[in-house]
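In: coords please:
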Amino acid sequence: MKFLFLSLVLLFTRAAFGSFPGDEEYTVAADEFPSPIGGMAAIGKYIVYPAMAVQNRTEGKVYLLAYINENGNVDDVKLVKGIGAGCDEVAITAVKKTKFTPGKVKGVSVKTKLTLPISFKLK
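Out: The predicted structure is shown next:
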């Protein structure tokens, strides 16, 4: 039986991996950045290592750009760099299903974009 080890690291950056149309209304500079309610385990509970990735022994990091609105909901998720074999789709779906605390600037909730690297590693 193969085991999976997922290392989820939430990385907040001031510079995104490029820009996408419409992302100008989301800030990358906040006093408090969004974070998943329930911690990284909240994202991890939606991640199941794809069978194709297990079969092909696919490992690596999927980099996503998440757009979190002022209510903490995920408006959109863009793939910045993927590893394929179904891992990209699983990571995107997991982030979309997760509720976040909103980002704040001077105590006011704002739309924020942040980079999420999600690691897939077989054990």
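
In: all contacts plus neighbour counts: C-alpha atoms, from now on.
Out: OK.

In: would you list every one of the helices in this structure?
Out: 40-44, 51-56, 87-96 (DSSP state H).

In: ok, and for the longest one, which residues are buried?
Out: Looking back up the chat, that one is helix 87-96. 87, 88, 90, 91, 92, 94, 95, 96 (16 or more other CA atoms under 10 Å).

In: how about the nearest residue to the last one, chain neighbours excluded?
Out: What it means is residue 96. Leaving aside its sequence neighbours, residue 96 sits nearest to residue 74 (CA to CA, 6 or more residues apart in numbering; 5.7 Å).

In: So that neighbour versus residue 122, what's the distance?
Out: 28 Å (CA to CA, to the nearest Å).

In: Now do the same contact list for residue 76.
Out: 66, 67, 68, 96 (CA atoms under 8 Å, 6 or more residues apart in numbering).

In: so who does residue 65 touch?
Out: 16, 17, 77, 78, 79, 80, 113, 114, 115, 116.

In: Any idea what it is bridged to?
Out: residue 78, residue 115 (DSSP bridges).

In: contacts for stretch 88-108?
Out: 30-37, 42-50, 62, 64, 66, 68-79, 82, 109-112, 118.

In: re earlier: mean pLDDT and distance to residue 104 added to the helices of the chain, as CSV?
Out: Shown next, in CSV, are the helices of the chain (pLDDT from 0 to 100; distance: least, CA to CA, whole Å):
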stretch, mean pLDDT, distance to residue 104
helix 40-44, 90, 19
helix 51-56, 96, 37
helix 87-96, 97, 20
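
In: can you list the ones you listed in CSV and add distance to residue 102?
Out: As requested, those are exported to CSV (distance: least, CA to CA, whole Å):
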stretch, distance to residue 102
helix 40-44, 15
helix 51-56, 33
helix 87-96, 14
